[in-house]
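[1] okay, predicted coordinates and the sequence, questions at the end:
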Amino acid sequence: MPIRAAPSKGNFERAAETVCGAIAVAYGVESAVVDMNGRFLARQGQDTLQVRAGHLPPWAVADVAINRELFHVDNSQAKFPVPLLPDCQALRGNRTMMNRRELLEVGVGAGVLASDGAEPRRTALPSAPVDRARTPVAVADRRELFVDDHLVGRLVGKADLRLHAPVPREVVLMHDVPWEGNATAYHSVFRDGDRYRMYFRAWHLNVNNGKLAPGLESLSCAESEDGVRWRRPDVGLHEFRGSKANNILLTREAAERDGVTISGPAVFRDTNPAAPAEARYKTFFISRNPLGMVPFHSADGLRWTRSAPAPVITDGAFDSQNLVFWDAVRNEYRAYWRFFTRGTTTGATWKPDGVRAIRTATSRDLLHWEHQADLVYPGSPVEQLYENGVAPYYRAPHLLIGFPVRYADRAGASSTTDGGASEAAVRARIAKWPASLRALPDFEHRAMRALASERFGSAVTEALFMASRDGVTFRRWNEAFFRPGIERPGTWNYGQQFLAWRPVETRSDLPGAPPELSFYATEGYWTGPGTALRRYSLRLDGFVSVHASAVGGELITPPLTFTGATLSMNYATSAVGSVRVEIQSAEGERLKGFSLRDCEELFGDTHARIATWKGRPDVSELRGRPVRLRFVLRDADLFSFQFTG
């Protein structure tokens, strides 16, 4: 936007104020202004500092001389270099200068000043130094999410990666029929044609005279047309109390005749194009001796046949939901299962020790497995992990996402089932529980469970979120994805927030709104007549966002290449918020026609909106060329982007 009049002193002061404010944002100063004499003033708490040479340690040294019509930032004495503003002319060393007119042009181009000298519209933020050595990321036309640091070159200002919590909705299924029960868990959910299918281990647990008293156990199912209203189909396969009018697919007794236990099955529809019709559905049950995972298959998802005479995966503990899926991106099957980091867990000896952890391997045929590896989580602490919930994210299948259940004992009890202490000794331990633990819901029932093993009463569980691009190394978010929530009966206990394997896309409750992700999580585990399965919702791609406050912030990607013709973004802003994007060269220089000043401001809340530069959405001229994306946000969240068309 051209400047129509000679810049006035007031305009220059306003631009300089914007620049100083940007430096304040980038380096943690509370606020910064320029006074009528051209002095920069930085404010931090109750302190006001004049920002001249040596007066802003350890961030930067700044000076302004209006009479010289120069603004300059000198990094020579700075502990951390000051990022350079866009369009600055780089001179020798660490010194950057621009004259009064150039500074105003930067302000106009960034949208912080109007060409006629009107009030600023938003705070400008400085560009950050970029890593020039990184090999470009080939994103092609894939949808990319910010669930890890792969596409984060640098975050500037008040921008960060933020984990978003799903919203609790209605209870969709109560497992209170006589053949299910209060320990029903290990759900699997997927879309199958015009319906949703759900599978789960139905089970009931009691404690009698300080001992566990397991009840009925089976593999059972449910189905739904919309993923919200679920019903139990009468499959007519197994008799219960004289009737086959139930949803039981496999009883404990039938499984034992096949040499396996129900354990924690995870049923999936095999999308491998080579899978025969008679084996379209698959799962794994657990054999006891030798201990391991045994594949089963089905043509209709109801009647199951053993696929191998012996377990095909044996190096683990398997006392959780163990799962397998077809990875269409990598053209292989991948398995994830439970193991303990120490101790012995075999069919003959069960003495687990260490922590519960997750192991993986790959296969071309489900029978022969290789490339076994233990999952690693750089930057995350060692924690007890139950279910893993790993699967490709269907909207970006090159990303593997998982929802491990974190197990935490709030009384310091043994993490493995002991069961050897007397009732008096256990009650003495309960009396010493922390006050907050004793104040949690269902204390009497919690204490009753502890008589079988203290951890059954003192442990709590919640679900985490993690993501990977190779299936072994995961970015695990250490904050809870599914907290236990507000205290109420059936919560804050061992067995809560066990997530059904894989979220599914369902309609929104809001008329006219786009679809959303639905998750299903357990509550009331082991505390009543039956487990409750509650639905939670999350916007599509809504796991993690690049978030910026009203002050503003930005993300600059590493160099990348793409194959599409337009740039589509999934974002949400406030009524005054905004998202803009600049396309830069791999070296961090803006590209003609795709600068920030050319980008039309985006605002709203949408899963897919196309960016435009002076009304032009077409970016096909940049296909295959290494570029960087500079996303500038204010009071906004950016969830994903994709080059389309």
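    The structure has been received and is ready for your questions.

[2] so residue 567 belongs to a helix, correct?
    No. Under DSSP: H, G, I helix; E, B strand; the rest coil, residue 567 falls outside any helix and is assigned strand.

[3] that one touches residue 641, doesn't it?
    Yes. With contact defined as Cβ atoms under 8 Å, residue 567 reaches residue 641; the gap is 6.4 Å. Where you see a C-beta, it was placed from the backbone N, CA and C, and this is true even at glycine.

[4] residues shared between the contacts of the two?
    Residues touching both residue 567 and residue 641 (Cβ atoms under 8 Å, 6 or more residues apart in numbering) are residue 629.

[5] counting neighbours, go ahead and name the busier of these two.
    Of the pair residue 567 and residue 641, residue 641 is the one with more neighbours under other Cβ atoms under 10 Å, namely 27 against 24.

[6] wasn't residue 446 part of a helix?
    Yes. According to three-state DSSP, residue 446 belongs to a helix.

[7] got the contact list for it?
    For residue 446, the residues meeting the contact criterion (Cβ under 8 Å, 6+ apart) are 440, 457-458, 493.

[8] mind putting those residues into TSV with neighbour count, pLDDT and secondary structure?
    Rendered in TSV, the data for those read as follows (neighbours: other Cβ atoms under 10 Å; pLDDT from 0 to 100; DSSP: H, G, I helix; E, B strand; the rest coil):
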residue	neighbour count	pLDDT	secondary structure
440	19	97	coil
457	29	95	helix
458	26	96	helix
493	26	95	coil
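
[9] nearest to residue 515, of those?
    Comparing those against residue 515 with Cβ to Cβ places residue 493 closest, at 32.2 Å.

[10] low pLDDT regions in this structure?
    Applying pLDDT under 70 to the chain flags residues 1-134, 419.

[11] tell me, what residue is most central in it?
    The C-alpha lying nearest the average C-alpha coordinate of the chain belongs to residue 543 (Cα atoms, centre = their mean; 4.1 Å).

[12] roughly how far does that one sit from residue 475?
    Separation of residue 543 from residue 475 (Cβ to Cβ, to the nearest Å): 11 Å.

[13] who touches both of those two?
    Among the neighbours of residue 543, those also in contact with residue 475 (Cβ under 8 Å, 6+ apart) are 147, 467.

[14] and residue 325, bridged to which residues?
    With DSSP bridges applied, residue 325 shows beta-bridge pairing to residue 334.

[15] what is the burial count for it?
    Under the criterion other Cβ under 10 Å, the count of neighbours that residue 325 has is 23.

[16] that older thread, thought the residue nearest to the centre of the chain was touching residue 465?
    Yes. In this structure, residue 543 sits in contact with residue 465. The criterion is Cβ under 8 Å, and the distance is 5.9 Å.

[17] joint contacts of these two?
    The contact sets of residue 543 and residue 465 overlap at 147, 163, 401, 481 (Cβ under 8 Å, 6+ apart).

[18] quick one: which of the residues you listed is most hemmed in?
    residue 147 (28 neighbours).

[19] wait, a strand at that one?
    No. Following the definition three-state DSSP, residue 147 is coil and is not counted among the residues of a strand.

[20] show me what contacts it?
    Under the criterion of Cβ under 8 Å, 6+ apart, the contact partners of residue 147 comprise 399, 401, 465, 467, 475, 543-544.

[21] which two among the shared contacts of residue 543 and residue 465 are spaced furthest apart?
    Greatest spacing in the shared contacts of residue 543 and residue 465, by Cβ to Cβ: 163 and 401 (12.4 Å).

[22] shared neighbours of these two, anything?
    465, 543.

[23] all strands of the stretch 501-645 of the chain, in order?
    Per DSSP state E, counting those that start in this stretch, the stretch 501-645 of the chain carries strands over the ranges 504-506, 516-523, 532-539, 544-556, 560-562, 566-585, 605-610, 627-644.

[24] closest one to residue 263 among those?
    Taking Cβ to Cβ as the measure, the strands of the stretch 501-645 of the chain were each checked against residue 263, and strand 516-523 came out nearest at 16.6 Å.

[25] report the buried residues of stretch 553-571.
    Using 16 or more other Cβ atoms under 10 Å as the burial criterion, the residues of stretch 553-571 that qualify are 553-562, 564-571.

[26] quick one on the thing from earlier: out of the shared contacts of residue 543 and residue 465, who's nearest residue 427?
    Distance to residue 427, by Cβ to Cβ, is smallest for residue 481 among the shared contacts of residue 543 and residue 465, at 35.1 Å.

[27] which residue, other than its chain neighbours, is closest to the closest one?
    Spatially, and ignoring its direct neighbours in sequence, residue 481 is nearest to residue 465 (3.9 Å; Cβ to Cβ, 6 or more residues apart in numbering).

[28] doesn't that neighbour belong to a strand?
    Yes. Assignment of residue 465 by three-state DSSP places it within a strand.

[29] check contacts around it.
    With Cβ under 8 Å, 6+ apart as the criterion, the residues that contact residue 465 are 147, 163, 401-403, 476-477, 481, 543-544.

[30] list just the nearest of these to residue 197.
    The shortest approach to residue 197 among the contacts of residue 465 belongs to residue 403, at 19.1 Å (Cβ to Cβ).

[31] return the distance of the closest one relative to residue 390.
    Summarising the geometry, the distance separating residue 403 from residue 390, computed by Cβ to Cβ, is 8 Å.
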